[in-house]
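**Q** can't give you the sequence, but here's the structure:
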């Protein structure tokens, strides 16, 4: 029997995993995870969360009689070495689409094929390969709605069952514990772990609960941050603990059964596809304005400025913004409506470069996704594809009045001025760095500036932008 290496990346599941199924068909299995420069470059929260997912998958493998081989370094060298150590004749993995991963994987495939190793990548991270969706003119889509209209009637392949795994003898492995992937989280890890849902089983439970309890209310109530109607599956999708096909088919069944919010939920899943479509065709999306003329916009580019620090610490004095930032430090995630509010406040009211906010989210979110994070920040800032019009400047106070009129969300995350703060609000002080010197009984932070002043300043700057080509 031949031996096959399954190179694990963001596909930490056994069900509906085309790369894993191909490896099992090719020979006795050796699962491999490589701590390379891309993994090392992750922010504190996503690196910690990736370590949790990897530990969970390793436990699944051990329960089935196998393990995961852990190695550190350059995958181009390590996979060749492992093939030579084990006699493996094939190496299979799931595709990723950011520029760094594409460049790495292209080199890996070339090196392996040069020594007659069958090296193949497989779909699985997305519903549609980014190059498979084209406009009538043959280009890529830059606006979401026509993208949705193009793909919504496509037939999505069914999901794959868990294959029967037969493991080859395992070569030596490094220790996951010695990697200390969660070191940068420091004391925040003990708080965020209480809100994480790690692994394939947890992801499936989330999906089932959402379909049974909340999908019917999704369209009507998804913007209310205090209400638990969202699926929470972004955390599991980003590490591949559930596949988009599994989610699509569950949502499609709910739609066919008449669930009121099902189509809107499917649209949100395809919004993620749109983000990857853009990232593939515009690899500079995380770092460059999608609309080049926005290079003339007078954003603050100094990440050390006082008002940026106050935004980062949930101390702006704008209650919705501060509550949302604190939700992120306690749970590792943030409600989608809240993400728009904090991004709008930073880029518009504080006139701060969207890349500063993007980088902060990359460090703090356990559901950080390279495509969705980049597109989301550019969309809110106004410089991105399918962007909100420049004059759409969210008023955080107005948003609270509309979506949290009773103050439930604010009470959940803010302790100042409350005689009996909630446990979640108090958890914020346990999660953040001690160097911030924040205390429960601190007075309410004063607003950095009146919201009306920030709005007018942003509108003036937008009006002075040169017209796009």
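**A** It's in. None of the values given here were measured: they were computed from a predicted structure.
**Q** stretch 147-165: end-to-end distance?
**A** 38 Å (C-alpha to C-alpha, to the nearest Å).
**Q** show me what it is in contact with.
**A** Outside stretch 147-165, the residues that touch it by C-beta atoms under 8 Å, 6 or more residues apart in numbering are 14-18, 20-21, 24-25, 29, 61, 64-66, 127-128, 133, 141, 243, 245-246, 248-249, 252, 266-267, 270, 273-274, 277. C-betas here are computed from N, CA, C, even on glycine.
**Q** in which helix or strand does the nearest residue to residue 199 once chain neighbours are set aside reside?
**A** Sequence neighbours aside, residue 56 is the residue nearest to residue 199 in space, at 3.9 Å (criterion: C-beta to C-beta, 6 or more residues apart in numbering). Using DSSP states H and E, residue 56 sits within helix 44-63.
**Q** which strand runs longest in this protein?
**A** If you go by DSSP state E, the chain has its longest strand at strand 28-35.
**Q** list the helices and strands it packs on?
**A** In terms of contacts (3 or more C-beta pairs under 8 Å, 6 or more residues apart in numbering; DSSP states H and E), strand 28-35 is packed against strand 3-8, strand 69-72, helix 75-86.
**Q** just the buried positions in it, please.
**A** By 16 or more other C-beta atoms under 10 Å, the buried positions in strand 28-35 come out as 28-35.
**Q** so residue 409 makes contact with residue 225?
**A** Yes. With contact defined as C-beta atoms under 8 Å, residue 409 reaches residue 225; the gap is 4.6 Å.
**Q** so which of these two has more stuff around it?
**A** More crowded of residue 409 and residue 225, by other C-beta atoms under 10 Å: residue 225, with 27 against 23.
**Q** just the pLDDT at the more buried one, thanks.
**A** Here the pLDDT value assigned to residue 225 is 97.
**Q** ok, back up a step: give me the buried subset of the contacts of stretch 147-165.
**A** The neighbour-count test (16+ other C-beta under 10 Å) applied to the contacts of stretch 147-165 identifies 14-18, 20-21, 24, 29, 61, 66, 127-128, 133, 141, 243, 245-246, 248-249, 266-267, 270, 273-274, 277 as buried.
**Q** coming back round to it: the helix holding residue 56 packs against which elements?
**A** Helix 44-63 packs on helix 37-40, helix 176-179, helix 188-192, helix 200-213, helix 354-364, going by 3+ C-beta pairs under 8 Å, 6+ apart.
**Q** which of the buried residues of strand 28-35 lies closest to residue 220?
**A** Nearest to residue 220 out of these is residue 33 (C-beta to C-beta; 41.5 Å).
**Q** skipping its backbone neighbours, what lies nearest the closest one in space?
**A** Using C-beta to C-beta, 6+ apart, the nearest residue to residue 33 is residue 8, at 4.7 Å.
**Q** go ahead and confirm the one you found touches residue 60.
**A** No. Checked against C-beta under 8 Å, the pair residue 8 and residue 60 is beyond contact range at 11.4 Å.
**Q** ok, the two, which is more surrounded?
**A** Neighbour comparison, residue 8 and residue 60: the larger count goes to residue 8, with 26 against 19 (by other C-beta under 10 Å).
**Q** distance of that one relative to residue 383?
**A** Look at residue 8 and residue 383: by C-beta to C-beta, to the nearest Å, they are 35 Å apart.
**Q** now swap in residue 47 and tell me
**A** With C-beta to C-beta as the criterion, residue 47 and residue 383 are 28 Å apart.
**Q** how about low-confidence regions in this protein?
**A** For the chain, the stretches with pLDDT under 70 are 387-391, 468-469.
**Q** could you chop it up by domain?
**A** Taking automatic domain parsing as the reference, the chain has its domains at 3-123, 126-158+186-281, 292-463.
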